[in-house]
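Colleague: Fold the following.
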Amino acid sequence: MQKAYVLLSGGQDSFVCLIWALKKFDAVETVSIHYGQRHGVELRYAGLIAKHFGVKHTLYDIDRFITSMADSTLLHEGNHNESHPQAANLPASFVPNRNGIFLTVISNHAFRNNEKRINLVIGTCETDFSGYPDCRDTYIKAKALELSLGLDRPVNIYTPLMWKNKAQTFQMADNAGKLPELIDLTLTCYSAIEKVNAWGRGCGECPACKLREKGFNEYLASKQ
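Modeller: Below you'll find the predicted structure:
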């Protein structure tokens, strides 16, 4: 039996990754991580998503570990639209090596469950992304090799959204008959505004909301 562990943030991308994994694997678990993000509301949505789909859900708290060593507007006060203080080519919301840390945590969780072959699913994407280097396909492939060597067993990292844009993730949810749940049960907003819009919950002003709204409108246009 093949089991997958989905990194569930409570946002649009991880929601679509979960419905993808439920079709592809015999069993699925979800793992969420509290890493000191300014707004932990998204973790409540992660729990609601897991409950909705009836999958086991585990939450790990590594708050102080990351906030003590990283600068990011997702962790501390600041303007999301500015550049990162340590990297002018990256947005202020960049959390250095966040996905690498997350994948280490979730692979350790699967190892503790005595999985002989570890299958991880994460919603990283190169098509619609903010330029984060740890979202790139080359990084994810390298991380899979690193984890396999470190745990001495095969680790596969699946990225079903890597070459998808936001419009296509809406399409994936709609094709699975889960678009209403995507709109209602996910929160990607940097400001943690829970207002329901046609495209989902959010403030409509932050970079994450603007990207989501743009993708939704593009998907609607593609259906005409």
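
Colleague: hey, where'd the helices end up in the protein?
Modeller: 12-24, 41-53, 63-67, 98-112, 137-151, 166-175, 179-185, 207-222 (DSSP state H).

Colleague: Give the partner strands of the strand of greatest length in the chain in its sheet and their orientations.
Modeller: Looking across the chain with DSSP state E, the single longest strand is strand 27-34. When pairing is defined by DSSP bridges, strand 27-34 lines up against strand 3-7 (parallel), strand 56-61 (parallel).

Colleague: ok, and for that strand, which residues are buried?
Modeller: V28, E29, T30, V31, S32, I33 (16 or more other C-beta atoms under 10 Å). C-beta here means a position set from N, CA and C on the backbone, and glycine is covered the same way.

Colleague: thinking again about what came up before, which of the strands paired with strand 27-34 sits closest to Y132?
Modeller: strand 3-7 (14.5 Å; C-beta to C-beta).

Colleague: what does the closest one contact?
Modeller: 14, 17-18, 21, 24-33, 102-103, 106-107, 109-110, 115, 118-123, 158 (C-beta atoms under 8 Å, 6 or more residues apart in numbering).

Colleague: swap in stretch 10-19?
Modeller: Stretch 10-19 is contacted by residues 6-8, 28, 30, 32, 41-49, 53, 55, 121-123, 125, 160-161, 166, 169, 172-173, 176, 178, 181-182, 185-188, 200, 208, 212 when judged by C-beta under 8 Å, 6+ apart.
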